[in-house]
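Chemist: Need a 3D model of the sequence below.
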Amino acid sequence: MYKPDYDYRQDSAGLCPGGTFGQWVSALSRYQAITGDQATRERVQQLNRLYAQSVGAGYFDKNRFPAYCYDKLVCGLIDSHEFANDPNAWTILAETTDIVLPYLPPHAVDRELSWRAGKENDISYNWDESYTLPENLFLAYRRGAGERYKQLAIRFLDDQTYFDPLAAGVNVFPGKHAYSYVNALNSAIQAYLVLGSEKHLRAARNAFEILITTQSFATGGWGPDEQLRPPNSAALAASLTDQHQSFETPCGAYAHFKLTRSLIQITRRPEYGDSMERVMYNTVLGAKPLLADGTAFYYSDYSYKGHKGYSRHRWPCCSGTLPQIAADYRISAYFHDRQDLYVNLYTPSTVRWKRAGNKIELKQSSQYPYEEIVQFEIAVSKPEEFALRFRIPAWVSGASLSVNGKLALKDPNREVYAGLYRQWRTGDRIELHLPMTTRLEAIDSQHSDIVALMYGPLVLFPLTHNTLQLTREQLLGAKRTGTTWQVSTSTGGLRFLPFTEIVDENYSTYLRVT
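Modeler: Numbers count the residues shown, from 1 in each chain. Next up is the predicted model:
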């Protein structure tokens with residue numbers, strides 16, 4: 001629905017016409033790459049042809065968010081070129097770029113700043129996100145669309161007010177829009193990969209550390225009411241009582257996955273995988289399904305009176321990130337370099353890898369995170385020496401790795417991907433043991449009495465809206481049956497569920513302990 005006179009305070013649809021179109025083309029292209037489905041390839045190419053017929057007919061006229069929509073369209077077109085083999089993708093991208101350029105600012109403009117004459121009195125016109133453009137423009141250049149996109153990417157790097165201070169270790173998060181500015185860190189990653197800019201890599205790494213230590217709930221989510229908050233301000237704790245829009249789940253998880261995946265590939269550091277896993281289990285895997293009329297689950301609610309619900313906006317701006325991140329689970333589970341294979345996520349799956357002509361297959365089976373044992377079986381076209389490397393989560397104590405029933409590595413270093421180097425043969429079996437216990441995590445250092453109950457990577461949500469007086473010992477003594485945990489209280493039992501198991505129940509994320 002397109003409404004030029006859209007009122008963001010009242011209307012339920014029309015804020016960002018076509019804003020999710022490029023995301024859906026991207027998601028379908030990635031799905032086609034996974035499945036090889038010819039019908040999906042044809043659908044992608046048909047969508048692009050139909051879009052090409054419309055873009056020259058005033059698509060960007062009266063559009064509040066030309067940079068935002070262009071960013072999504074670039075993503076869809078470069079993915080349809082790369083994964084769905086659309087022969088017209090570069091031509092359509094060039095035409096789109098020619099058309100949109102007059103509507104873009106001369107450089108990256110921070111959100112909430114007015115730059116369009118005549119629109120100063122409508123704040124919604126200031127929600128465009130030109131500072132996120134470089135990521136997909138750099139990718140377009142890397143995939144062969146031309147030098148033009150590299151230069152455009154450089155033009156929109158948000159260095160002065162964002163990347164430069166972050167690279168110097170200055171926290172400039174407070175007050176910034178949560179999803180878009182975390183997503184913009186992926187532009188810094190691409191600047192490092194394309195330009196070799198150590199400054200931009202430093203900015204991304206520093207920003208991640210700030211995000212985890214000053215902005216994040218136990219779930220891994222961040223940004224209550226779509227805002228990054230001042231550190232040491234009790235803002236996260238306050239949001240538990242006055243906020244039900246705790247985390248923009250589909251888009252926030254999508255940005256988080258991209259950032260952590262890139263940082264793993266660049267640094268080989270497992271803490272980024274830990275963070276990715278936490279966000280996966282406690283946010284996006286618990287999203288309610290998208291409905292046919294565009295009704296979407298958008299916000300996770302981490303308040304004391306939490307409830308899963310749908311956005312009041314149909315086809316909310318970034319709802320297309322949900323199918324994108326679902327397609328990306330496959331590229332987040334495993335990584336490899338020239339020598340070794342890295343296992344990052346523990347989920348039933350099979351990875352196939354050609355290493356110098358040798359066909360290697362690793363099959364993973366488990367009930368993780370509900371069980372402590374993860375099993376692997378290897379098949380190779382010929383015996384070969386290399387390392388299988390496994391992420392050992394920071395929360396675990398006493399992990400071990402066994403090969404063919406014999407202990408190979410006990411309590412491995414959690415600061416690196418633990419490696420098993422040997423000559424592998426078909427039929428070799430690996431068993432990873434990740435002992436799990438309950439533990440408590442405070443919402444911040446100022447509120448040690450406001451805690452979430454954790455089990456492995458899972459936050460356990462109490463199914464209550466009542467104020468209860470519980471002790472730490474009571475919470476840590478939670479007993480598990482299947483996917484449910486039970487805590488004994490003076491008034492009876494209190495049931496806890498992981499986010500993925502909650503449907504319509506009332507819940508809380510944190511409890512106060514005595």
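Chemist: Dihedrals phi and psi, Asp158?
Modeler: phi -90, psi 70 (degrees, to the nearest 10).
Chemist: and if you look at Leu458?
Modeler: According to degrees, to the nearest 10, Leu458 has phi -90, psi 140.
Chemist: How about Ser29?
Modeler: phi -60, psi -40.
Chemist: Tell me the gap between the helix or strand that contains Ser262 and the middle of its chain.
Modeler: Secondary structure assignment for Ser262, by DSSP states H and E: helix 249-267. Averaging C-alpha positions (Cα atoms, centre = their mean, to the nearest Å) puts helix 249-267 5 Å from its chain's average.
Chemist: what's the very next helix or strand once past it packed up against?
Modeler: Downstream of helix 249-267, the first helix or strand assigned by DSSP H and E is helix 270-282. If contacts are counted by 3 or more Cβ pairs under 8 Å, 6 or more residues apart in numbering; DSSP states H and E, helix 270-282 sits against helix 198-214, helix 249-267, strand 458-462. Backbone N, C-alpha and C define where each C-beta goes, glycine included.
Chemist: buried residues in the first one?
Modeler: Judged by neighbour count (16 or more other Cβ atoms under 10 Å), helix 198-214 contains these buried residues: 199-208, 210-212, 214.
Chemist: List the buried residues of the helix or strand that comes right after that helix.
Modeler: Once the chain leaves helix 198-214, the next helix or strand it forms, by DSSP H and E, is helix 235-242. Buried residues in helix 235-242, counted by 16+ other Cβ under 10 Å: Ala235, Leu236, Ala237, Ser239, Leu240.
Chemist: Number of residues surrounding Gln151?
Modeler: By other Cβ atoms under 10 Å, the residues close to Gln151 number 11.
Chemist: likewise Gln474?
Modeler: Neighbours of Gln474 using other Cβ under 10 Å come to 18.
Chemist: quick one: Arg261 from Ala287, how far?
Modeler: Applying Cβ to Cβ, to the nearest Å, the value for Arg261 to Ala287 is 19 Å.
Chemist: My error: substitute Ser124 in the last question.
Modeler: For Ser124, the distance to Ala287 - Cβ to Cβ - is 25 Å.
Chemist: higher neighbour count, these two?
Modeler: Using other Cβ under 10 Å, the more surrounded residue of Ser124 and Ala287 is Ala287, with 20 against 15.
Chemist: Now do the contacts for Pro498.
Modeler: Contact analysis of Pro498 by Cβ atoms under 8 Å, 6 or more residues apart in numbering lists Tyr281, Asn282, Gly286, Leu458, Val459, Leu460, Phe461, Thr483.
Chemist: For Gln182, give me phi and psi.
Modeler: Residue 182: Val, not Gln. phi -70, psi -40.
Chemist: Could you tell me which residues make contact with the closest residue to it other than its chain neighbours?
Modeler: Nearest non-adjacent residue to Val182, counting by Cβ to Cβ, 6 or more residues apart in numbering: Ala255, 4.8 Å away. Residues near Ala255 by Cβ under 8 Å, 6+ apart: Tyr179, Val182, Asn183, Leu185, Asn186.
Chemist: what ranges do the helices span in the stretch 51-200 of the chain?
Modeler: Along the stretch 51-200 of the chain, counting by DSSP state H, counting those that start in this stretch, helices occupy 66-83, 89-100, 133-142, 147-155, 164-167, 178-183, 185-195, 198-214.
Chemist: Pull the shortest one out as PDB, backbone CA atoms only.
Modeler: Read that as helix 164-167. Extracted in PDB, the C-alpha atoms of helix 164-167 (Å, rounded to 0.1, in the frame of the first residue of the first chain):
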ATOM      1  CA  ASP A 164      36.200   7.400  13.400                       C
ATOM      2  CA  PRO A 165      35.100   7.700  17.000                       C
ATOM      3  CA  LEU A 166      34.400   4.000  17.300                       C
ATOM      4  CA  ALA A 167      37.800   3.200  15.900                       C
END
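Chemist: Other residues contacting that helix?
Modeler: For helix 164-167, using Cβ under 8 Å, 6+ apart, the contacting residues are Val172, Ala188, Lys199, His200, Arg202, Ala203, Ala204, Asn206, Ala207, Ile210.
Chemist: Quick check: the gap between the first one and Tyr334.
Modeler: Spelled out, it's Val172. 34 Å.
Chemist: end to end, how far does stretch 356-375 reach?
Modeler: 26 Å (Cα to Cα, to the nearest Å).
Chemist: Adding distance to Thr96, write the buried residues of helix 235-242 out as TSV.
Modeler: Output for the buried residues of helix 235-242, formatted as TSV (distance: Cβ to Cβ, whole Å):
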residue	distance to Thr96
Ala235	39
Leu236	40
Ala237	45
Ser239	39
Leu240	43
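Chemist: Out of those residues, the closest to Val487 would be?
Modeler: Leu240 (19.2 Å; Cβ to Cβ).
Chemist: Do you have the helices of the stretch 301-450 of the chain handy? List them.
Modeler: According to DSSP H, counting those that start in this stretch, the helices that the stretch 301-450 of the chain contains are 321-333.
Chemist: Please, where are all the strands along it?
Modeler: Using DSSP state E, counting those that start in this stretch, the strands of the stretch 301-450 of the chain run over 334-336, 341-343, 349-355, 358-366, 373-380, 384-390, 400-403, 406-410, 418-424, 429-433, 438-442, 450-455.
Chemist: out of those strands, which comes closest to Gln160?
Modeler: strand 334-336 (33.6 Å).
Chemist: May I have the strands that pair with that closest one, each with its orientation?
Modeler: strand 341-343 (antiparallel) (DSSP bridges).
Chemist: Need the contact partners of the partner strand.
Modeler: Contacts for strand 341-343 (Cβ under 8 Å, 6+ apart): 264, 268, 333-336, 351, 353, 360, 362, 364, 376, 386-391, 417.
Chemist: cutoff 7 Å now
Modeler: Here strand 341-343 makes contact (Cβ atoms under 7 Å, 6 or more residues apart in numbering) with Tyr334, Phe335, His336, Trp353, Leu362, Leu388, Arg389, Phe390, Arg391, Tyr417.
Chemist: was I right about the fourth one contacting Arg338?
Modeler: This points to Trp353. No - applying Cβ atoms under 7 Å, one finds Trp353 not in contact with Arg338, separated by 11.2 Å.
Chemist: if you count what's nearby, which of the two comes out ahead?
Modeler: Trp353 (14 against 7).
Chemist: rewinding a little: out of the contacts of Ala255, flag the one nearest to Ile154.
Modeler: Asn186 (15.5 Å).
Chemist: now that closest one, nearest residue through space, not along the chain?
Modeler: Glu135 (4.5 Å).
Chemist: Isn't the one you found up against Ser187?
Modeler: Yes - Glu135 lies in contact with Ser187 (Cβ under 7 Å); the separation is 4.3 Å.
Chemist: Low-confidence ranges, the stretch 351-500 of the chain, go.
Modeler: For the stretch 351-500 of the chain, no stretch has pLDDT under 70.
Chemist: let's go with 90 and repeat that
Modeler: Applying pLDDT under 90 to the stretch 351-500 of the chain flags the ranges 356, 466-469, 489-493.
Chemist: ok, so what distance separates Leu259 from Ala203?
Modeler: 12 Å.
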